[in-house]
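>>> Provide a 3D model corresponding to the input given below.
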Amino acid sequence: MITISLTSNEILLEIEELRKEYDGTTVLDGISLTVHKGEVVVILGPSGCGKSTLLRCLNGLEPVQGGDIRLRENSLTGSTVNWQQTRQQIGMVFQNYDLFPHMTVIENILLGPTKVQQRSKAEALEQALQLLDRVGLLEKKDAYPRQLSGGQKQRIAIVRALCMNPEIMLFDEVTAALDPEMVREVLEVILGLAKQGMTMLIVTHEMGFAKAVADRIVFIDQGKICEIAEPEQFFSQPQTERAQQFLNIFQY
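The predicted structure is shown next:
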């Protein structure tokens, strides 16, 4: 297991020797990582290395074949895990926004808090409007997804996840499906969350963004963690040849 010294001692998420296989092919091969409260961990690596699969395992969307995942010391790998409840603590935003097309923006956002968490509509609405204002989309609350740009839809997806009050957020290539001019508006929202102390695991191919937002970079290749470092060190002096090769593609 690769470790790095951190100032915070409050552990939020622990991954220990995690293994994932598809039809006998190993996709995650003994992944171990500790994430502290308020930390932003950016996961980098070539396509197909297991980055997105790791996030899906953390959110219970993929079964694992070995190892353990612990959220505040509670294991998430047993058969008795209540994933409906756990996903309220571990929010996830995907490449595709998955907004319900027949619902307005505000209806999409309020569905989880009112139906799953059984919160009052008035209380959830107040929070939703505050979050929409924070991401600059308050005026779009009554719009339908078809009336929004890709960047606006992704920001709405982020608001929807945040309105569940998660302890940790997972972002899986949230800008991959966006036109270049829409990428920045989404990344600025995530940067804002980092400044506010949200614990996040982020899979991205945006190297400049990774360098700006991360507390630590985790570099994965062929299902294994090859290197963990602070951003400045990783981008200026990567310690492994594989990481150097990867960064050369992006001219770092």
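
>>> C-alpha only now, for contacts and for neighbours.
Noted.

>>> relative to Ser149, how far out is the residue positioned nearest the centre of the chain?
Centroid-nearest residue in the chain, with C-alpha atoms, centre = their mean: Leu170, separated by 1.7 Å. For Leu170, the distance to Ser149 equals 22 Å [C-alpha to C-alpha, to the nearest Å].

>>> now swap in Met92 and tell me
20 Å.

>>> who's more crowded, the two?
Met92 (25 against 13; other C-alpha atoms under 10 Å).

>>> show the contacting residues for that one.
Residues in contact with Met92, defined by C-alpha atoms under 8 Å, 6 or more residues apart in numbering, are 59, 161, 169-172.

>>> now, which of the residues you listed sits nearest Lys195?
Nearest to Lys195 among the contacts of Met92, counting by C-alpha to C-alpha, is Met169 at 13.9 Å.

>>> for the closest one, helix, strand, or coil?
Classification of Met169 by DSSP: H, G, I helix; E, B strand; the rest coil places it in strand.

>>> wait, it sits on Leu201?
Yes - Met169 lies in contact with Leu201 (C-alpha atoms under 8 Å); the separation is 6.4 Å.

>>> the helices in the stretch 1-150 of the chain, which residues?
51-58, 83-86, 105-111, 121-134, 150-162 (DSSP state H, counting those that start in this stretch).

>>> quick one: pLDDT of the most far-flung residue of the chain relative to its centre?
Distance from the C-alpha centroid of the chain peaks at Ala122, with 28.1 Å (C-alpha atoms, centre = their mean). We have a pLDDT of 97 for Ala122.

>>> what distance do you get for it to Asp142?
Ala122 is 16 Å from Asp142, by C-alpha to C-alpha.

>>> likewise for Leu187?
24 Å.

>>> over to Glu123?
For Glu123 relative to Asp142 (C-alpha to C-alpha), the value is 18 Å.

>>> swap in Val116?
Taking C-alpha to C-alpha, one finds Val116 at 22 Å from Asp142.

>>> and the nearest residue to Arg87 once chain neighbours are set aside, what does it touch?
Once flanking residues are discounted, Arg87 sits nearest to Asn59: 6.4 Å by C-alpha to C-alpha, 6 or more residues apart in numbering. Counting by C-alpha under 8 Å, 6+ apart, Asn59 touches 83, 87, 90-92.

>>> does Ile168 really touch Gln88, like I thought?
No - counting by C-alpha under 8 Å, Gln88 is not a contact partner of Ile168; they are 9.4 Å apart.

>>> show me where the stretch 1-150 of the chain has strands.
For the stretch 1-150 of the chain, the strands defined by DSSP state E, counting those that start in this stretch cover 11-22, 25-36, 40-44, 66-71, 74-75, 90-93.

>>> go ahead and confirm Leu55 touches Asp172.
Yes - contact criterion C-alpha under 8 Å: Leu55 and Asp172 qualify, at 7.3 Å.

>>> neighbouring contacts of stretch 128-141?
Contacts for stretch 128-141 (C-alpha under 8 Å, 6+ apart): 104-106, 109-110, 152, 155-156, 159-160, 163, 189.

>>> just give me the closest of these to Leu178.
Using C-alpha to C-alpha, the contacts of stretch 128-141 come closest to Leu178 at Gln152, 10.1 Å.

>>> next, count neighbours for that closest one.
When neighbours are counted by other C-alpha under 10 Å, Gln152 registers 20.

>>> in space, what's closest to it - neighbours in sequence excluded?
Distance criterion C-alpha to C-alpha, 6+ apart; nearest residue to Gln152, sequence neighbours excluded, is Leu137 at 7.6 Å.
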